[in-house]
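In: Just a sequence and a predicted model for now, questions to come.
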Amino acid sequence: MDVQISGPRILLSIPQLGGFVLTESVVTTWIVMLVLVLICRFLTKNLEVRPTRKRQVIAEWMVTSIQGLVKNDMGPRFVETNYVPFIGALFALSAGCSISSVFGAKAPTSDLSTVLGWAVVVFILITYNKIRSGGIGGYLKSFTEPVFVMTPMNLISEVATPLSMTFRHFGNIVSGTVITALIYGGLAALSHGVLGLIPGAVGGFLSQIPLFQFGLPAVLSLYFDFFSSFMQAFIFCTLTMVYVGGAAGD
Amino acid sequence: MDTQTTMILAKAIVAGLSALGAGCGMSGGIGPGIGEGYAVGKAIESMARQPEMRGTLTTTMFMGCAVAETTGIYSLIIALILIFANPLIGYFNF
């Protein structure tokens, strides 16, 4: 049994541009973004004041639920701001990227760089909101609270926020990938061993086909690919809203 | 023993101990397991008491579970690094 976990494949490398590499996860993310844009275009085609089509109802339901999330977690004054489309886009991209593994692609979210990029964006938003609400002096002063000695701890906890968000999302998706790979390998070995017991040429032929891989991985995929994807996207967005809302203050 | 054999032996020891360390490190999954169990149990108690709060409780429970899971995820990352991208083996490549 051979189980290998590696980073994303490098599709294109341009050394002239300072070692620029185009990885599989970037290309998959582009495809996911394209699909999301097409879905948005389709859902919002020919909008009417009184919806008569199903797709407009779906679009309105999506927007309303994101607005509800933002209202609950950040406060009512953020409903009219650009945070609603930002959170919606983050959710859709995260869920879309994780679900792309159903279609055989390597999920971009199982690449640390993808999730770290989102977390850095969130970190910039948090810092921007802190500076905007308390001024640059208040922002710097908040590191020395409650006492001056706590400054190193505060600095670490400031950096730990995006890192823990990254590792949470990355770890959950990667653990799903690892467990699925282990199950596939184990089932192949089991099937080879059990079907090899059948005597004669029939057993020799059947043991080459991993028959036991049929069925069980699909049930696991339902959990790891669908439930876990939406769960992690939801948690990433909720944490973003809580941190940014907390940073923006009252 | 010549140098070659010593190096192979050293690598074998590092690889074996890394695997052991990865296994021991995953005992960090115990804490989040217990904690999430408590959280879900309490959430179910509250749901039984106030079924109309179900939506909010479920959301908050999943949120809490996700945050409690962090330490378990950290140990998973350490275990993955030890098994698939071991930095310690590199010391013996000369």
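Out: That came through fine. Numbers count the residues shown, from 1 in each chain, chains lettered A, B, ... in the order given.
In: Give me the phi and psi for A:G104.
Out: For A:G104, the backbone dihedrals (degrees, to the nearest 10) come out as phi 90, psi -10.
In: Let's see the pLDDT reported for it.
Out: pLDDT for A:G104: 78.
In: And for it, the neighbour number?
Out: By the criterion of other CB atoms under 10 Å in any protein chain shown, A:G104 has 6 neighbours. Placement of C-beta: from N, CA and C, glycine included.
In: Distance of it relative to chain B?
Out: 22 Å (CB to the nearest CB, to the nearest Å).
In: Return the residues in contact with that residue.
Out: By CB atoms under 8 Å, 6 or more residues apart in numbering or on different chains, no residues touch A:G104.
In: Count the neighbours of whichever residue of chain B sits closest to chain A for me.
Out: Among all residues of chain B, B:I73 sits closest to chain A, at 3.6 Å; criterion: CB to the nearest CB. B:I73 has 22 neighbours, counted by other CB under 10 Å.
In: how close does it sit to A:I66?
Out: 26 Å (CB to CB, to the nearest Å).
In: Repeat that for A:S142.
Out: In terms of CB to CB, A:S142 sits 30 Å off from A:I66.
In: again, but for A:Q16
Out: 42 Å.
In: okay, now the residue in chain A that chain B sits nearest to: neighbour count?
Out: Here the residue of chain A nearest chain B is A:G171; by CB to the nearest CB that distance is 3.6 Å. Burial of A:G171 is recorded as 23 neighbouring residues (other CB under 10 Å).
In: Isn't it up against B:L76?
Out: Yes. Counting by CB atoms under 8 Å, A:G171 does reach B:L76; the two are 5.2 Å apart.
In: Off-centre distance for the helix or strand harbouring A:V178?
Out: Here A:V178 sits within helix A:151-195, counting by DSSP states H and E. Chain-centre distance of helix A:151-195: 13 Å, with CA atoms, centre = their mean, to the nearest Å.
In: Show me what that helix is packed up against.
Out: helix A:112-141, helix A:216-221, helix A:228-248, helix B:70-84 (3 or more CB pairs under 8 Å, 6 or more residues apart in numbering or on different chains; DSSP states H and E).
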